[in-house]
Every structure is written in C-alpha cells, then in structure tokens.
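J.: 3D, please:
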Amino acid sequence: MDEKSNPPTRSRTAAESFALNLKESMRHRGLRQADLIRMASQRGAKLGKSQVSQYVSGKTLPRPDIADLLADLLSVPSGWLTDGQGEPPWQVDGRACDGACDSPSHVASRPVACPEPHISTGSPISDMHLEGSDMSDNVRTFKKSSKLDNVLYDVRGPVVDEAARLESEGAHILKLNIGNPAPFGFRTPLEVIQDMRDQLPECEGYSDSRGLFSARKAIMQYAQLKGLPNVSMDGIYTGNGVSELINLCMQALLDTGDEILIPSPDYPLWTACATLSGGTPVHYRCDEQADWNPDLADMEAKITPRTKAIVIINPNNPTGAVYAKEVLEGIVEIARKHQLMIFADEIYDRLCMDDAEHVSIASLAPDLFCVTFSGLSKSHMIAGYRIGWMVVSGNKRLGDDFMLGVNMLSNMRLCSNVPAQSIVQTALGGHQSVKDYVVPGGRVCEQRNYVYEALNAIDGITAVKPKAAFYIFPKMDVKKFNIHDDEQFALDLLHQKGILITRGGGFNWPEPDHFRIVYLPPMDVLHEAMEDLAEFFETYRQR
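T.: Modelled structure (predicted):
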C-alpha cells in the first residue's frame, strides 16, 4: 500500500478527545449547540456561539468551570467529557441496544442503552426542536447550518463578545484586536475622497462582474510593476475587500476532502473559508526563530496527494514578517515539484519598514498558476470602503477550469462596490501617502518601535520586530505565568485592564503562548496600554 496516500494517524489532542465525548453526549441527549447556549442562559451562565463551536470542533479545550457546566447541562459525570472517566447514563442502566444506535461507545462488550427515541408531534415539519418545558408548544426553531460547526473567526469571537457586554455596562475598552485604521485617527487621502464624490453620479449602475475598466487597468499596471508575469485584463477581479475574493476562490477550487496548505499563524479567514468550502486546511509552521519565515521542510512534509494549493501571507498578519526572497524561491520550488497552485495574500505590500523589500512570489513563478490578492483597505486607510482585487498570473492554462468556477461565482454576485472601484486609479497613481507613515519618524514606524521595545522590556515577554503592517505577535513564558488557556488569558486581561487583544489560537497557532497586538492607536494611548500590560504581567498567574 502506498504510504504517501495513507499517512500514519496521529494521537488525539485533549481538545479533540473532549470534542468527541461532547458530541457523543449531545447526540444521546438530542441536543444541538444552540440548545446548550440556551440552557446555560436559563441558568444564568454565558456560553457564546463561537465559544461552543470551538469546543465541538476540537480547536479549544474549555476551562474546568466551563467543562463542568457542559457536563451538568448534558447530565454526564464531570470527568466523562474531559478524559472519559466515569460512566455516562446511557451505559449505566444496562438496557440492551436494539441495533438502532450507532454510537462509538456501543462497541463495548457489555449491554448498553440506546438514546431516547425521537418524539414525533405529527407535524409536517420533520425535524422540529421544541423550546421550553411544555413539549406540546410545537415551536419551530431555526438552527445554523452544520457547515459552520468548525468555522472559527476569533478576531471577532467570544472574547470580543465579552468586551461588548462590558461596554454595554459602561466599561471603557481599548481595542487592540483589529487592524481598523480609521478609529485611531488615520485619514483617507483627500484626493481619493474628492474623486469618489465627483464620480458618484456615474456609479449608480452595475459594473462588469470583474470590475470597472479603469480600476482593472490601474491594477494591471501595478501588477506589471511588481513583476507579475502574463497578466491581462481578463484575469483581474475586483471584490468587496480581499475577504470576498478569498471566499470566492476557495468555493471555486475545493471539493470535500481537498487539502490546502495555510501558514500557522495565519489570517484566520483563510482557514475559515477553506473549511466552509468543504476543504481541509493543513497548517505549515512559520518559524519564530527565523523572523517568522515559513519552515519549508514542514511545509513540504504536510503535502499529500489531496493537496491542491499553498497559501502564503506576505507581509504576514499577525507576525508582521516580510519573507526573504530565497524563502519565496524555496516555496516556488516546492509548488513546482508537487504541481500546486499558489495563493498570495499581499494586502500589506505597501506597508514595509526598515528598508524591507517586498517581493511578489508570482514574479518568481512564471510557469506556475498563481493568484495574488491586494487592495486599498490598509495602504490607504479605507477599510470601510471595501475594495480589494485578485490578479491571475503565470501559466494560466493550468487553471482554465478553476477560472470557469471563478467566473460563475463572480457573475452570481453581479459586481463589487462600484463607488469604491472608481477611486482605484487615483489611489494607485501619484504620491503614495502611506509611505509617510512607515519611514523613520512616521507614525506607524515610531509606534511599532515603541511597542516592540515596551513588550520586550516586560519580564516573561519576547517579540520579534515586525517589518511590515500594523501587528506584533509577542510570546509569553507559559511556565512563568502558568498559562494553559490563551482564551482565559485574553479574558483575564480584558477584565482586569480593559484591554482587548486577540489570542494566538485565533490565528490557528497551536500553543497557548502568543497573542496579537495592533499598534495603530496614538502614542499616548499606547504608552498607557503598555504600562497597564506590564503591570498586569507583574502579578499574573493563570488559575
């Protein structure tokens, strides 16, 4: 048998074992995730939707108090969910299984009990969930699709939900969790605003599904300046931000079970969209000791016959890394050897600092099929305008059928935001005001320098200096701070200091030892935040 097509199975993590027991218990009780959330609320406890999804998917192991709550809601021994200790009720009573139950637990030799039969109400609604204690109410509820069970986006997840609750009670929260320039005083260039205003009367109708000619022409010229080979107007698509186009590409490419290589840490939308499309995200490691460049040996070791593509995020979010040219050449060689597509997320390519040179990986791969993403949200501080694009380059013949799918999905959404498209030509031409922010003395550069130095001055915290973007991804000494749950750390920091950050696990980083800080707030706010953070870590020991 071909070993490559049948890789050895790995042992389950504690979170995955918990998820297996949790799902088995939910199945026997006839409960869904929404039922657990509702039942917890009735007891005065709070369980967030994203929070429960993480437990069910095996991404996160809940804190002991949350595990006890879930066990209580499911009427199982507390040790059963965590480590399989104790007997769940459906095994204790000794009733024989009639063969209708397919639970994994029923492979045991002793007689076991089947779950209670489904109660039919005689309603034409086939799978009705009844709310409340009176089962005759016949109230139909609507559940989210099971396709979303393993889709996570912690940049706006359960910790953010808790921050919103605190704000509703009057608390002041400093939001260092999301790269949104406008709330921190970064302004769109006036020329861009004026051009959009002047062109609004011409933007009332749909554009071509790919985008306005003027926008795509400017994008093509920009791509040519970056060295992308074989670029043409028909291979350029505008989108409502890069996010829409990432989702569109994953839907067009991935069948159930197809694998795609994504960096760890990543921008979590990539993993979420690949999962939602039925694909399997496989994370390759980025090496903190090598300035967060990808570990090429780990990348190649993760390739299987089901692998279709490699994703790179360069400059990187959340680490701020700018990949070395030799590393990019190594990735191209791996993609060439295994006949893989390359998706390059380059939204921060105009935000490089310290003379770091950004190289588009597609410029190194004229013989491969590449899709490069960029936009104006970050470089022109207009995240709310929602304008991004993708450029197809290289050996486009290899992706002819994939592009039929892209065209179909692009046509289905009719077109992207036309007023935002109208300013692409102005934004990409002439003086690039973002350069003033990222040179020495510029606001983004100086704030990066301060946060980097302040974090490394905290005992137990280390950080690699970012070379681009708005983010830094510091590491915590988990032994010193007794950290075993990075979500609990984020909640503790939120409750004690009113600082909202994103935990490392939110970027599909496997250990609980990192978090991301956005350094967009003005310097006086960052000074206060870093002082509060240092004070927090002086005494913090996770319980």
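
J.: shaky segments in the stretch 101-250 of the chain?
T.: The stretch 101-250 of the chain contains residues with pLDDT under 70 at 101-137, 154-156.

J.: So which residues of it form helices?
T.: Along the stretch 101-250 of the chain, the segments classed as helices by DSSP state H, counting those that start in this stretch run 158-168, 190-199, 213-225, 241-253.

J.: Correct me if wrong: Phe470 contacts Leu520.
T.: Yes: using Cβ atoms under 8 Å, Phe470 is in contact with Leu520, at 5.3 Å. In this view, the C-beta of every residue, glycine as well, is placed from N, C-alpha and C.

J.: Now list whatever residues contact both of those two.
T.: By the contact definition Cβ atoms under 8 Å, 6 or more residues apart in numbering, Phe470 and Leu520 are jointly contacted by Gly179, Pro181, Val444.

J.: Nearest spatial neighbour of the last one, chain-adjacent residues omitted?
T.: Closest residue in space to Val444, ignoring its immediate chain neighbours: Tyr437 at 4.2 Å, by Cβ to Cβ, 6 or more residues apart in numbering.

J.: Same question for the second one.
T.: Take Pro181 and drop its neighbours on the chain: the residue closest to it by Cβ to Cβ, 6+ apart is Met381, 4.2 Å away.

J.: The first one too?
T.: With sequence-adjacent residues excluded and distances taken as Cβ to Cβ, 6+ apart, Gly179 is closest to Phe470, at 4.7 Å.

J.: burial of the residue nearest to Pro181, as a residue count?
T.: 23 (other Cβ atoms under 10 Å).

J.: now it: how far from Val192?
T.: Plainly put, Met381 is 10 Å away from Val192 if you go by Cβ to Cβ, to the nearest Å.

J.: Now do stretch 144-153: everything it contacts.
T.: 33-34, 49-50, 53-54, 56-57, 59, 268-269, 271-272, 275-276, 506.

J.: ChimeraX command to pick out the buried ones of these?
T.: Provided next is the ChimeraX selection string for whichever of these are buried by 16 or more other Cβ atoms under 10 Å:
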select :33,50,53,54,56,57,59,268,269,271,272,275,276,506
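
J.: Would you mind listing where this protein has pLDDT under the threshold?
T.: In the chain, residues with pLDDT under 70: 1-11, 86-137, 154-156.

J.: Kindly recompute the last result at 50.
T.: 1-7, 93-136 (pLDDT under 50).

J.: Which residue, neighbours along the chain excluded, lies closest to Pro294?
T.: Of all residues not flanking Pro294 in the chain, Cys286 sits nearest, at 5.3 Å (Cβ to Cβ, 6+ apart).

J.: the helices in the stretch 351-500 of the chain, which residues?
T.: Assigned by DSSP H, counting those that start in this stretch, the helices in the stretch 351-500 of the chain fall at 400-412, 418-421, 424-428, 435-438, 443-456, 478-481, 486-497.

J.: any chance of the ones you listed in a markdown table, plus distance to Leu351 and mean neighbour count?
T.: Listed next are the helices of the stretch 351-500 of the chain as a markdown table, based on distance: least, Cβ to Cβ, whole Å; neighbours: other Cβ atoms under 10 Å:
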| stretch | distance to Leu351 | mean neighbour count |
| --- | --- | --- |
| helix 400-412 | 27 | 15 |
| helix 418-421 | 19 | 22 |
| helix 424-428 | 14 | 22 |
| helix 435-438 | 6 | 17 |
| helix 443-456 | 7 | 18 |
| helix 478-481 | 31 | 14 |
| helix 486-497 | 25 | 20 |
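
J.: Which of the ones you listed sits closest to Ile262?
T.: Nearest to Ile262, of all the helices of the stretch 351-500 of the chain, is helix 400-412, at 17.9 Å by Cβ to Cβ.

J.: could you say what helices and strands the closest one packs with?
T.: The contact analysis (3 or more Cβ pairs under 8 Å, 6 or more residues apart in numbering; DSSP states H and E) places helix 400-412 against helix 241-253.

J.: partners of the next helix-or-strand element following the helix it packs on in the sheet?
T.: Counting by DSSP states H and E, the next helix or strand C-terminal to helix 241-253 is strand 259-264. Applying DSSP bridges to the sheet, strand 259-264 is found paired with strand 280-287 (parallel), strand 307-313 (parallel).

J.: Now render those strands as JSON lines, adding mean neighbour count and distance to Gly170.
T.: JSON lines is the format used below for those (neighbours: other Cβ atoms under 10 Å; distance: least, Cβ to Cβ, whole Å):
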{"stretch": "strand 280-287", "mean neighbour count": "20", "distance to Gly170": "40"}
{"stretch": "strand 307-313", "mean neighbour count": "23", "distance to Gly170": "38"}
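
J.: need these in a markdown table with distance to Cys203, can you?
T.: Compiled in a markdown table, those are given as follows (distance: least, Cβ to Cβ, whole Å):
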| stretch | distance to Cys203 |
| --- | --- |
| strand 280-287 | 37 |
| strand 307-313 | 31 |
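
J.: Out of these, flag the one nearest Gln199.
T.: strand 307-313 (32.2 Å).

J.: helix or strand right after the closest one?
T.: Assigned by DSSP H and E, the successor of strand 307-313 is helix 325-338.

J.: neighbouring contacts of whichever helix or strand comes after that following helix?
T.: Downstream of helix 325-338, the first helix or strand assigned by DSSP H and E is strand 341-345. Strand 341-345 is contacted from outside by 242, 246, 249, 253, 267, 270, 308-314, 331-332, 335, 360-362, 365, 368-373, 398-399, 402, using Cβ under 8 Å, 6+ apart.

J.: Check stretch 299-308 too.
T.: For stretch 299-308, contacts defined as Cβ under 8 Å, 6+ apart pick out 4-5, 7, 253-254, 257-261, 279-280, 282-285, 310, 331, 334, 338, 340-341.

J.: what's the answer for stretch 522-540, then?
T.: Contacts to stretch 522-540, defined as Cβ under 8 Å, 6+ apart, come from residues 174, 176, 184-185, 443, 446-447, 450-451, 454-455, 457-461, 481, 492-493, 496-499, 519, 521.

J.: Skipping adjacent residues, who's closest to Gln425 in space?
T.: Using Cβ to Cβ, 6+ apart and skipping the chain neighbours, the partner closest in space to Gln425 is Ala218 (4.2 Å).

J.: contacting residues around the one you found?
T.: Contacts of Ala218 were listed using Cβ under 8 Å, 6+ apart, and they are Val424, Gln425, Leu428, Gly429.

J.: same thing but 10 Å
T.: By Cβ atoms under 10 Å, 6 or more residues apart in numbering, the contact set of Ala218 is Leu212, Ile236, Trp389, Gln421, Ile423, Val424, Gln425, Thr426, Ala427, Leu428, Gly429.

J.: and what of Thr188?
T.: If you count contacts by Cβ under 10 Å, 6+ apart, Thr188 has them with 181-182, 196, 376, 380-385, 423, 427, 433.

J.: out of the residues you listed, which is most surrounded?
T.: Neighbour count (other Cβ under 10 Å) singles out Ile423 as the most crowded of the contacts of Thr188, with 29 neighbours.

J.: Would you confirm that that residue contacts Thr238?
T.: No: judged on Cβ atoms under 10 Å, Ile423 makes no contact with Thr238 at a distance of 11.5 Å.

J.: what touches both of those two?
T.: Shared contacts of Ile423 and Thr238, counting by Cβ under 10 Å, 6+ apart, come down to Ala215, Ile387.

J.: Leaving out the residues flanking it, which one is nearest to the most centrally placed residue in the chain?
T.: Taking Cα atoms, centre = their mean as the criterion, Pro268 is the residue nearest the geometric centre of the chain, at 1.3 Å. Counting by Cβ to Cβ, 6+ apart, Pro268 lies nearest to Tyr153, which is 5.5 Å off, once chain neighbours are set aside.

J.: what's the answer for Ala420, then?
T.: Counting by Cβ to Cβ, 6+ apart, Ala420 lies nearest to Ile387, which is 3.8 Å off, once chain neighbours are set aside.

J.: State the distance from that neighbour to Glu528.
T.: As defined by Cβ to Cβ, Ile387 lies at a distance of 34 Å from Glu528.

J.: Lovely, talk soon.
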